[in-house]
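Engineer: what follows is a predicted structure for the sequence shown.
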Amino acid sequence: MPRKKVSKRKTPIKKTAKKKSQKKVRKLTTKNKIEKPLILQTLRGMKDILPKDQFFWDQVRRTSQRLARDYGFSRIDTPIVEYANLYIKGVGKGTDIIEKEMYTFTTKGRDKVALRPELTVGNCRSYIQNGMHLLSKPVKLFSTGPVFRYDRPQKGRYREHHQVNFDAFGEQDPILDAQIIQIANRLIQSLGIKAVQIQVNSIGCSVCRKDYKDLLVNYLESKKNKLCKDCKRRIYTNPLRVLDCKEDKCSQVAAAAPQSVDHLCAECHTHFKTLLEYLDELDLPYMINPHLARGLDYYTKTVFEIWSEVESGKKLSLGGGGRYDNLIKLIGGKDTPAIGFGVGIERLVAEMKRVQAKPYQPPKPKVFLAQLGSLAKRKSLQLFSELEKNGILVAESFGRGNLRSQLKVANKLGVEITLILGQKETLDKTVIVKSMTTGAQETVSMDKLINVIKKRLKSDNVIIYRNA
């Protein structure tokens with residue numbers, strides 16, 4: 001009988017291919033294991049806000065929130081990330097923010113988005129999207145939060161910095177301009193920064209600004225060789241920005257440039273004149289600055305900044321704003337006049353420190369809770385909670401078993417009363433109440449403790465203080 005042909009086995013080939021693929025995977029895995037070293041520091045232009053600085057930040061937050069409440073502004077928070085074209089359209093293509101400073105990226109869904117470089121445009125988008133034009137006018141919005149600009153970090157301006165914003169929509173009367181300037185001045189002075197000056201100007205509306213821009217461009221072209229590199233480009237993209245360039249040679253050119261206040265239409269002239277009358281009535285320390293333009297395309301008519309005088313007579317801008325009557329319409333809403341301002345929290349805090357202004361002083365605890373032993377330690381958490389629920393401000397040092405070390409903390413905090421909870425007191429459902437001024441002690445039952453403490457303190461504190 002003829003032999004049957006034996007088919008060749010393919011298993012060895014598969015094993016060989018498998019081994020090769022495994023080797024490739026191992027090589028790739030080995031390559032992937034090579035990681036960059038972990039850098040334990042913030043990115044350039046980013047900064048931690050440490051606990052020691054938070055009292056200054058709290059002062060800014062609390063003061064701005066109080067003013068927002070007193071002047072009728074409602075809080076709004078918008079996303080940090082928005083569609084990039086919102087800012088390109090709203091802020092303006094010729095601005096430094098769009099050309100050089102905006103953080104943009106593409107999401108996995110192929111959306112081109114940006115980290116917000118300022119707060120106003122996002123607030124305008126929210127105003128349109130949420131139908132706020134139906135609300136009674138003016139619609140007043142208050143916002144605060146981080147903004148991002150990929151710019152060269154400088155004093156008081158980081159790549160991530162924080163702003164406080166006040167925006168008012170739906171009113172074109174210059175009395176609102178005066179109130180916005182009044183709030184900005186009041187905010188800064190309330191923080192203890194007294195030596196300030198308001199710089200104010202009018203850059204006109206879309207009607208009269210066109211002729212003024214043509215006049216300004218002609219002048220700047222004749223002085224082009226004396227301008228810095230950025231300003232040579234700005235002549236054709238954002239000529240008003242040349243007027244407040246900080247370069248010395250550009251400042252000299254700007255000093256002799258045509259002034260926008262000399263070329264206002266009748267409506268803008270009346271608006272600016274009326275605003276100055278209101279500022280006089282409020283007795284605010286203002287100065288007309290014909291070179292003030294602000295850096296964003298959306299501004300119309302009134303623009304202003306608040307300057308603080310620093311070393312060597314130099315001026316530091318703490319914040320500013322102005323009218324943006326065309327912005328809502330520009331990004332797709334109804335024709336809506338608006339005005340607002342923003343201040344940089346980092347600059348405010350730095351200036352508060354320079355002039356030695358007082359930061360926020362949180363209420364100090366008057367009661368300290370000490371505990372001894374494992375059973376007392378377990379019960380002390382519940383006791384602390386009961387005291388807090390009854391509005392008694394309490395400090396503690398949980399984790400330290402030694403009574404002497406706990407009393408040291410109590411003395412350092414300057415409390416009036418120390419509560420001592422030990423094993424015996426826990427079993428007896430009592431607490432030792434010790435006066436830190438006289439040293440006198442008494443044992444009080446748990447059910448009477450709250451009333452005894454309140455009677456001794458003769459006040460109801462409602463803010464919790466915890467010792468770290």
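Structural biologist: Structure's in. What do you need?
Engineer: tell me where the stretch 351-468 of the chain has strands.
Structural biologist: In the stretch 351-468 of the chain, the segments counted as strands under DSSP state E, counting those that start in this stretch are 367-371, 394-396, 417-421, 430-435, 441-445.
Engineer: so how far is the third one off the chain centroid?
Structural biologist: Okay, so that is strand 417-421. Relative to its chain's centre, strand 417-421 lies at 41 Å (C-alpha atoms, centre = their mean, to the nearest Å).
Engineer: now swap in the shortest one and tell me
Structural biologist: In terms of C-alpha atoms, centre = their mean, the centre of strand 394-396 is set 31 Å apart from its chain centre.
Engineer: what strands line up against that strand, and which way round?
Structural biologist: strand 367-371 (parallel) (DSSP bridges).
Engineer: and for the third one?
Structural biologist: Take DSSP bridges as the rule and strand 417-421 pairs in its sheet with strand 367-371 (parallel), strand 430-435 (antiparallel).
Engineer: and the angle from the longest one to strand 441-445?
Structural biologist: Going back to what we said before, that points to strand 430-435. With axes from the mean of the first three to the mean of the last three C-alpha atoms, to 10 degrees defining the directions, strand 430-435 sits at 150 degrees from strand 441-445.
Engineer: with the shortest one instead?
Structural biologist: For strand 367-371 and strand 441-445, the angle between their directions (the same axes, to 10 degrees) works out to 80 degrees.
Engineer: contacts for strand 367-371, please.
Structural biologist: With C-beta atoms under 8 Å, 6 or more residues apart in numbering as the test, strand 367-371 has contacts from 377, 379-380, 383-384, 387, 392-398, 403, 406-407, 409-410, 413, 415-422, 436, 453, 457. Where C-beta positions appear, they are placed from N, C-alpha and C, glycine not excepted.
Engineer: do that again at 7 Å, thanks
Structural biologist: Outside strand 367-371, the residues that touch it by C-beta atoms under 7 Å, 6 or more residues apart in numbering are 377, 380, 383-384, 387, 392-396, 403, 406-407, 410, 413, 415, 417-421, 453.
Engineer: hmm, back to that, redo the strands paired with strand 417-421 as a markdown table? Include mean pLDDT and mean neighbour count.
Structural biologist: What follows is the strands paired with strand 417-421, written out as a markdown table (pLDDT from 0 to 100; neighbours: other C-beta atoms under 10 Å):
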| stretch | mean pLDDT | mean neighbour count |
| --- | --- | --- |
| strand 367-371 | 93 | 26 |
| strand 430-435 | 93 | 19 |
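Engineer: would you turn these into CSV with distance to residue 301?
Structural biologist: Putting the strands paired with strand 417-421 into CSV (distance: least, C-beta to C-beta, whole Å) gives the following:
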stretch, distance to residue 301
strand 367-371, 57
strand 430-435, 65
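Engineer: and of these, who's closest to residue 49?
Structural biologist: Between residue 49 and these, the shortest gap by C-beta to C-beta is with strand 367-371, which sits at 28.4 Å.
Engineer: below-threshold pLDDT in the chain: ranges please.
Structural biologist: Applying pLDDT under 70 to the chain flags the ranges 1-34, 93-100, 155-156, 295, 311-313, 400-401, 459-468.
Engineer: which ones are touching the most centrally placed residue in it?
Structural biologist: Nearest to the mean C-alpha position of the chain, by C-alpha atoms, centre = their mean, lies residue 162 at 2.5 Å. Applying C-beta under 7 Å, 6+ apart, we find residue 162 in contact with 145-146, 345-346.
Engineer: closest one to residue 113 out of those, please.
Structural biologist: Nearest to residue 113 among the contacts of residue 162, with distances taken as C-beta to C-beta, is residue 146, at 15.7 Å.
Engineer: so in terms of bridging, what pairs with residue 143?
Structural biologist: Beta-bridge partners, per DSSP bridges, of residue 143: residue 165.
Engineer: my guess is it contacts residue 123. True?
Structural biologist: Yes - look at residue 143 against residue 123 with C-beta atoms under 7 Å: they come within range, at 6.0 Å.
Engineer: identify the contacts common to the two.
Structural biologist: What both residue 143 and residue 123 touch, as defined by C-beta under 7 Å, 6+ apart, is the set 76, 78, 165.
Engineer: pretty sure the last one is touching residue 140, no?
Structural biologist: The reference is to residue 165. No - using C-beta under 7 Å as the test, residue 165 is too far from residue 140 to be in contact (11.3 Å).
Engineer: now residue 372, nearest residue through space, not along the chain?
Structural biologist: Among residues not flanking residue 372 along the chain, residue 422 sits closest, at 4.3 Å (C-beta to C-beta, 6 or more residues apart in numbering).
Engineer: distance of residue 121 relative to residue 273?
Structural biologist: 30 Å (C-beta to C-beta, to the nearest Å).
Engineer: the two: which is more packed in?
Structural biologist: residue 121 (24 against 12; other C-beta atoms under 10 Å).
Engineer: which residue, other than its chain neighbours, is closest to residue 209?
Structural biologist: Computed as C-beta to C-beta, 6+ apart, the closest residue to residue 209 that is not its neighbour in sequence is residue 203, at 6.3 Å.
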